[in-house]
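S.K.: Please work out how this folds:
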Amino acid sequence: ANVMDLLQATLGRAPLGAKRCSRLLMPAQLLAQVRMELLRLACSEPCGLRGALLDLCVEHGKACHDVGHIAVDPAVVPTFQLTLVLRLDSSLWPKIQGLFTSGPAFTPLKLSTGFRVIKKKLYSSEQLLIEEC
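M.R.: All right, here's what the predicted structure looks like:
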């Protein structure tokens, strides 16, 4: 639960444009799906989810924007890295086109329920695991 709170707080502070204020809204369905997927990917790790570094990205078009990093438990040496790639709701494209231009505005942006998680073990030379949901 704390990880999901951290994730939502990080998304709320996401820098989405140089001069624009926005807030990324995570639908409840997406929150539940991400929670289950992160727990599933962490179950085979020595420290579970506590040993994760979580990188958050938002995909928009063909670009992927880094929006934050979370050390799930800073007291635990990380054993794996998860990159969570979220997508903006495609029906919002006209609303976000101006985000990366100048001018003040506040726009809450809803995320799509589709996402991708990339898992990289930090203690092994195994290949990357990419899960598309």
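
S.K.: is Gln81 in a bridge, and if so with what?
M.R.: Leu53, Lys120 (DSSP bridges).

S.K.: quick one: it from Thr10, how far?
M.R.: 15 Å (Cβ to Cβ, to the nearest Å). In this view, the C-beta of every residue, glycine as well, is placed from N, C-alpha and C.

S.K.: Leaving out the residues flanking it, which one is nearest to the most centrally placed residue in the chain?
M.R.: Note on the chain: the residue nearest the mean C-alpha position is Leu56, at 3.2 Å, using Cα atoms, centre = their mean. If the residues on either side of it in the chain are set aside, Leu56 comes closest to Gly68, at 4.5 Å by Cβ to Cβ, 6 or more residues apart in numbering.

S.K.: Name the residues of the host helix or strand of that neighbour that are buried.
M.R.: Assigned by DSSP states H and E, Gly68 belongs to strand 63-71. Of the residues in strand 63-71, 67-68, 70 count as buried by neighbour count, 16 or more other Cβ atoms under 10 Å.

S.K.: Let me know the closest of the residues you listed to Leu6.
M.R.: Ile70 (5.2 Å; Cβ to Cβ).
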